[in-house]
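*Asks:* I need the structure of the sequence given here:
(chains A and B)
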Amino acid sequence: MELKGVFNPLPTLTWNFLDLNGVGIDETVKLNNRGDLVIQDLPNGITVEKDGSLLDEVCGGVGPEMDNIMKRENVPTLVIRAQKGKTVSKPICLDYKLGEGDGLLRKQEIIAEEGSEITVIMNYVSKRTESGFFGIQTKLKAEAGATIHLVKTNLLGNQYLHFDDIGGVAEDDAHIDVIQMELGGGRTYTGTRVDLRGRKSRYDGNVGYLTRGTQLLDMNYNIQHFGKKSESELILNGAMMDESKKNFRGTINLVRGAKGAVGDEQENVLLLSKGVHNKSLPNILCSEEDVEGTHGATIGRLSEDMLFYMKSRGIPEKEAEILMTKARLNSVNRLIQDENTLGRIQQFIEEAF
Amino acid sequence: MAEIKPDVKDIDRSLYDFRYEEKDFYKVKEGLTEDIVRQISKEKNDPEWMTEFRLKALETYNKQTVPEWGPDISGLNMDDIVTYVRPNTAMKGKWSEVPDDIKNTFERLGIPDAERKSLAGVGAQYDSELVYHNVKEEVLAQGVVYTDMESALRDHEDLVKTHFMKLVPPTDHKFAALHGAVWSGGSFVYVPAGVKVEIPLQSYFRLNAPGAGQFEHTLIILEEGADLHFIEGCSAPKYSVANLHAGCVELFVGKNARLRYSTIENWSKNMYNLNTKRAICEEGAKMEWVSGSFGSHVSYLYPTTILKGDDSHMEFTGITFAGKTQNLDTGAKVIQIGKNTSSSISSKSISKDGGISTYRSSVTVMPEAKNAKATVSCQSLMLDDISVSDTVPAMDIRTDDADIGHEAKIGRISDDAVFYLMSRGISEDEARAMIVSGFANPVSKELPLEYAVEMNNLINLEMTGG
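*Replies:* Residues are numbered from 1 along each chain as shown, chains lettered A, B, ... in the order given. Next up is the predicted model:
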């Protein structure tokens, strides 16, 4: 398959020298449809349709190229639906188990009908040194008063090329809550776009990441506030090691008419090796007066004060760095309510050190 | 509390919107061709290397594309722009010798008065050339050179040749190339080692001719331990046709030297202000930018500092006020290379009456930097719901040995703050005025008193409320 075009496009362009306006890719990847999807027991109130496609108009953060690929390759859509008024506390787990040389495209839609609540966990797993290609697209629709909790964990091998495209819409009083743990993959491009169309609709994004070796993690978040009193909060906690690279683009767009909307994005990056390369671009676009938009970032190594504190308690510098990295990732992990998923993440992190 | 919109008045432009006819002025034809560039070079008696430089820059200009990011500049047509307009006078050292209409212009702008009261030297440019230049004897006695660029090219050719467009090469972007091809006017300052210029120098740029461009070049060199405050002001009357400002400022700040560069920009609202400013700091040097952007139809303005030397430091304090028909894209850039460098960017912007303000910045910490520190803070105030305010700040960190902090906030005047002040006996009008003035205060307090007053006059924040 030809993988060609601009991915993770920035909603508003900036200086070309920053190389953050989007990612130009032109390469060929092998698709062989290998790779297993295991769906564990479906709780009551949840249905799964094997080939629907109801949310084509919903845009994802990786950009229109991802839609084009899905159409061109006729990728079937799995539709997971929470029925009206049903609150399902048990998560639906989708485990994508990939192996050496696998090449897979997948697409799913999660629809939470009015007043329902659903939790979906997607784990992408392969062995540490394996290579392959995995592209996945997830479209979300939270109808009035509904809540979608989505957890994604990237535990792919360190030679994997991975695209993860998320697009969502939230109607009145609806809530989209996405937790992402980006730990694996050789090159990962992940993009999220959420349109907060409804009054008092809300998006929460919590992202934990650890980049090592020569990993590249490229992220693009685009939160569009249309609804009055809509709220968004995007928090990223990460650590970077070795020669790894990470790009973060985060855009909160407070559109005219979104009176009373509040958007906030925060990024905390711990830099642990001389060879790391971090780029952060937290944008706020604002065409409405009656709003609040904030963003903040702290980027750096462990502070001298923290190091002194740790050393004075007999903890060497390297150990202190590991402790603080785990603490950052655990601040995201603790939001995940599934023991199996947590176990896998913990194991992956332990192996990293 | 009932919602009452603050009535923040537009900047009072009557001070700037006047003009005199360009009687007997020399002009080149509209447009940009090799012949026009050669003609400008000939008129200015350029040395041969400068003529070649201009022609090469023109080639670069023709190869470069306009930026696809930032405000729309499709209304700017170079075929309509006159790139060189020479007033009918040579540069004078006394105001009494400057022709009356030009002298009156600067008197109405208060330049001779400011010179008498608070400046060590003044340069006044009218269209493409300086018409007045003077510097106090005691400053000259310190070995300071403050002159127009043409005189510098004649009297200090080696120094100019070594530094001219070395920080901002014509290949930097299309309008840097344009500047390289048609530059004219501007100031040259050289401060010898250890010399502290106690009171500021000022250059004032006035663009009078409709449909003209101004392309002045400012080159400042501070040797080791030198200290200078340089003030730049600019204005133009408003026309229905587009005017263009594509100036270039290059600042070389030597070891342990300190340079403060203050700008109050108040171009008319038909102006495309595509200006480039850049400084390089050697070991222990300190660069301070104070920037107020009030005029122009479109602005692209991002003063850049290269912290090359160990222990060098940069501070940027800026305010942008975008009103009706204005799209002002402003901010700052810093590149940290040396050990123990630090930078601080503090930016404020106000948008009203459909104005668009964009704060755009970048902090780059290179791999060889050690113990680099940077803080960025930007705050934007929206005064109505037809305006736009965007922030686009980038951080590019290529080492772990850095400590970077960033914060930004966009919002409107807080009802709580107004209520708090009102509960202490202050009227609502006064409360809103105090809040907006307080918002601009961090910039005005960085300016000398006379200029802070000018800035406050420019903002003219008259709050009437309900």
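*Asks:* Might one say that residue B:284 is in contact with residue B:338?
*Replies:* No - using C-beta atoms under 8 Å, residue B:284 makes no contact with residue B:338, being 9.5 Å away. Heads up, the C-betas are built off the backbone N, CA and C, glycines and all.
*Asks:* doesn't residue B:357 make contact with residue B:71?
*Replies:* No - counting by C-beta under 8 Å, residue B:71 sits too far from residue B:357 to count as a contact (10.4 Å).
*Asks:* list the residues that contact both of the two?
*Replies:* Taking C-beta atoms under 8 Å, 6 or more residues apart in numbering or on different chains as the criterion, residue B:71 and residue B:357 both touch B:328-329.
*Asks:* who's more crowded, those two?
*Replies:* residue B:357 (31 against 18; other C-beta atoms under 10 Å in any protein chain shown).
*Asks:* and the helix or strand that one falls within, what other elements does it pack with?
*Replies:* Element membership for residue B:357, per DSSP states H and E: strand B:356-365. On a contact count with 3 or more C-beta pairs under 8 Å, 6 or more residues apart in numbering or on different chains; DSSP states H and E, strand B:356-365 meets strand B:313-322, strand B:327-336, strand B:342-351, strand B:372-382, strand B:388-397, strand B:402-411.
*Asks:* The fourth one pairs with which strands?
*Replies:* For strand B:372-382, the pairing partners within the sheet under DSSP bridges are strand B:342-351 (parallel), strand B:402-411 (parallel).
*Asks:* Kindly report the same for the fifth one.
*Replies:* Next to strand B:388-397 in the sheet, as set by DSSP bridges, lie strand A:277-286 (antiparallel), strand B:356-365 (parallel).
*Asks:* Residue A:150 bridge partners, please.
*Replies:* residue A:120, residue A:178.
*Asks:* Now for it, how many residues are close by?
*Replies:* 22.
*Asks:* Same check on the one 5 residues further on?
*Replies:* Residues contacting residue A:155 under the criterion other C-beta under 10 Å number 24.
*Asks:* That one: what's it in contact with?
*Replies:* Applying C-beta under 8 Å, 6+ apart, the residues near residue A:155 are A:123-126, A:183-184, A:344-345, A:348.
*Asks:* among the residues you listed, which two are most distant?
*Replies:* Among these, the pair separated by the greatest distance (C-beta to C-beta) is A:126 and A:345, at 14.8 Å.
*Asks:* Of those two, which one has the most company?
*Replies:* The neighbour comparison of residue A:126 against residue A:345 (other C-beta under 10 Å) goes to residue A:126, with 25 against 22.
*Asks:* Identify the residues contacting the more buried one.
*Replies:* Contacts of residue A:126 (C-beta under 8 Å, 6+ apart): A:97-100, A:102, A:132, A:155-157, A:160, A:184.
*Asks:* what's the answer for residue A:267, then?
*Replies:* Residue A:267 neighbours (C-beta under 8 Å, 6+ apart): A:235-238, A:248, A:250, A:280, A:282, A:296-299.
*Asks:* and if we set it to 10 Å?
*Replies:* A:207, A:219, A:234-238, A:248, A:250, A:278, A:280-282, A:295-299, B:395, B:406 (C-beta atoms under 10 Å, 6 or more residues apart in numbering or on different chains).
*Asks:* List the contacts of residue 206.
*Replies:* The chain I'm using is chain A. A:151, A:177-181, A:233-237, A:331-336.
*Asks:* Correction: the question concerned chain B.
*Replies:* Contacts of residue B:206 by C-beta under 10 Å, 6+ apart are B:16, B:19, B:102, B:105-106, B:109, B:111, B:124-127, B:131, B:214, B:233-237.
*Asks:* just checking, residue A:145 is part of a helix?
*Replies:* No - if the criterion is DSSP: H, G, I helix; E, B strand; the rest coil, then residue A:145 is coil and not within a helix.
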